[in-house]
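# Sequence first, predicted coordinates after that:
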Amino acid sequence: MFRQLGVVLTPEEREQIEVADFGLGELERTGLELVTYINTDRYCAKDLVLFPRQTCPEHKHPPFDGGPGKMETFRCRSGQVFLYVEGEPAESPQAVVPEGSEPYYTVFHEIELNPGEQYTINPNILHWFQAGDQGAIISEFSSTSRDDLDIFTDSRIKRQPEVL
């Protein structure tokens, strides 16, 4: 998908692509693939790649170290993204919650992002998102990313991989 958009990744970036299945073992439905370009104590830049209809589960970025928590801007680069945040729920959401996980999705205020459109999510706001039928690439620009501190609605989720 990157190649189709003319995005060039260095060999080091290719080796560092993170595949997040959130410990659920259903990557095609729930998960995403991440390329982190930079993540310092001041800011972060990533690309998020989603397969067709793949979902990043509901979560929020809580305050930490005396700060408000992660603030992030999603910019759709390719495909279509259905982003859900706190607020007035959509009458007919375009995303489909992964079967068996319905109780863990609680916010349904819909923001549809198409290529070139963006949306900023404030810290500590519940949100989740799903790619459209063609998959999607989202650029994320944010304050420091501390994935280990993310709070997921679904207690089954493990953000950091576990080695057994």
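Right, received. Where do you want to start?
# The closest residue in space to residue 43 that isn't next to it in sequence: neighbouring residues, count only.
Nearest residue to residue 43 in three dimensions, chain neighbours excluded: residue 143, at 6.2 Å (C-beta to C-beta, 6 or more residues apart in numbering). Using the backbone N, CA and C atoms, a C-beta is placed for each residue, glycine as well. By the measure other C-beta atoms under 10 Å, the count of residues near residue 143 is 18.
# Distance check, residue 143 against residue 27.
27 Å (C-beta to C-beta, to the nearest Å).
# what about stretch 149-164, average pLDDT?
When pLDDT is averaged along stretch 149-164, the result is 80.
# Give me the packing partners of the host helix or strand of residue 12, helices and strands only.
Per DSSP states H and E: residue 12 is located in helix 11-15. Helix 11-15 sits against no helix or strand, with contacts defined as 3 or more C-beta pairs under 8 Å, 6 or more residues apart in numbering; DSSP states H and E.
# ok, what's across the strand from the residue nearest to the spatial centre of the chain?
Nearest to the mean C-alpha position of the chain, by C-alpha atoms, centre = their mean, lies residue 56 at 5.0 Å. Going by DSSP bridges, residue 56 is paired in beta bridges with residue 129.
# Please list all residues in contact with it.
30, 31, 32, 48, 50, 128, 129, 130 (C-beta atoms under 8 Å, 6 or more residues apart in numbering).
# Which of those residues sits closest to residue 98?
When the contacts of residue 56 are compared for distance to residue 98 (C-beta to C-beta), residue 30 wins out at 5.2 Å.
# What are the neighbouring residues in contact with residue 32?
20, 48, 49, 50, 54, 56.
# how near is the first one to residue 64?
Noted for residue 20: a distance of 20 Å to residue 64, by C-beta to C-beta.
# neighbour-wise, which of the two wins?
residue 20 (20 against 14).
# The more buried one reaches residue 36, doesn't it?
No - judged on C-beta atoms under 8 Å, residue 20 makes no contact with residue 36 at a distance of 11.4 Å.
# tell me the pLDDT at residue 111?
98.
# my guess is it contacts residue 119, does it?
Yes - Residue 111 lies in contact with residue 119 (C-beta under 8 Å); the separation is 5.1 Å.
# where do the contact lists of these two overlap?
Counting by C-beta under 8 Å, 6+ apart, the residues touching both residue 111 and residue 119 are residue 83.
# For burial, what's the neighbour tally of the nearest residue to residue 90 once chain neighbours are set aside?
With sequence-adjacent residues excluded and distances taken as C-beta to C-beta, 6+ apart, residue 90 is closest to residue 110, at 3.9 Å. Number of residues near residue 110 (other C-beta under 10 Å) recorded here: 18.
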